[in-house]
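> Everything below, folded, please.
(one chain, ligands or ions: 1)
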Amino acid sequence: MILDLIKKRKSVRKYSDKHISDKDLKQILEAGRLAPSWMNVQCWKFILIKSQEHKDLLSDLCLGQEHVKKADALIVCVVDKSAWSEAKITEILNPAVNPALQGENGLLIRSMEQLVYPISYMMLTAESLGIGSCIIGAMGNEISGVSESEYYKVKKVLNIGEDQIISTIITLGYPAEKTETIKKRKAFEDIISLEKIGNPF
Ligand SMILES: Cc1cc2nc3c(=O)[nH]c(=O)nc-3n(C[C@H](O)[C@H](O)[C@H](O)COP(=O)(O)O)c2cc1C
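Residues are numbered from 1 along each chain as shown. As a prediction, the model looks like this:
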């Protein structure tokens, strides 16, 4: 059951030396490819990283996070803002809702939003294969504005275009130790309501 996987998954930041097979990596990436998006715009690209050289470069960009360097593989998740220009949103809905017409901020927010789905699908697929993962959001990019020169260097090395932004990195590797399964989460009644906030379900 998918809920069991969700309950079991925890961020994994320490990895064993065991390599992930290409077959499993392809399955994880395929889960991302099949994720839903607004009007099926699929404003994303995913770059699989296996080389230590690129891992080191990306670890530096992620403020030196060790697990980025030590993961067996990384998936660099890239927002492709140019994908919206092909979207057919204006034919179906009020054109005002088209992210491509909502200014740079609107376009960015709606584009980033789409990436949450493939990232979640890929993490859960990794979990189902016994592979640990961690989402990495702390990095230099157009959004954080930190480490600008490193960021543009990484973009060049990874052949990432002007309209494309690294939003997230997923680290992947077999867990080196037993993962703690206790989830620190807000209580059900603190975040879930019926009909209006504060009314318990
Ligand atoms: C958008 C996003 C960005 C994150 N960025 C980082 C990060 O840069 N480094 C890191 O080690 N963990 C990062 N995490 C992992 C969170 O710390 C982790 O998911 C959270 O503490 C809950 O723990 P769990 O994943 O084990 O359930 C990020 C998670 C999300 C959703």
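> does the residue most central in space within the chain sit in a helix or strand, and which one?
Nearest to the mean C-alpha position of the chain, counting by C-alpha atoms, centre = their mean, stands residue 119 at 4.0 Å. Residue 119 is part of helix 103-128, with elements assigned from DSSP states H and E.
> Which SSE is immediately downstream of that helix?
Secondary structure here is assigned by DSSP H and E; on that basis, the next helix or strand after helix 103-128 toward the C-terminus is strand 132-136.
> Go ahead and confirm residue 125 touches residue 34.
No: counting by C-beta atoms under 8 Å, residue 34 is not a contact partner of residue 125; they are 9.9 Å apart. To be clear about C-beta, it is placed using only N, CA and C from the backbone, and glycine gets the same treatment.
> pLDDT at the closest residue to the ligand within the chain, what is it?
Closest approach between the chain and the ligand, counting by C-beta to the nearest ligand atom: residue 137, at 2.8 Å. Looking at residue 137, its pLDDT reads 97.
> Quick one: classify the residue nearest to it when sequence neighbours are not counted as helix, strand or coil.
Of all residues beyond its chain neighbours, the one nearest residue 137 is residue 168 (5.8 Å), with distances taken as C-beta to C-beta, 6 or more residues apart in numbering. Under the three-state scheme (DSSP: H, G, I helix; E, B strand; the rest coil), the conformation of residue 168 reads as strand.
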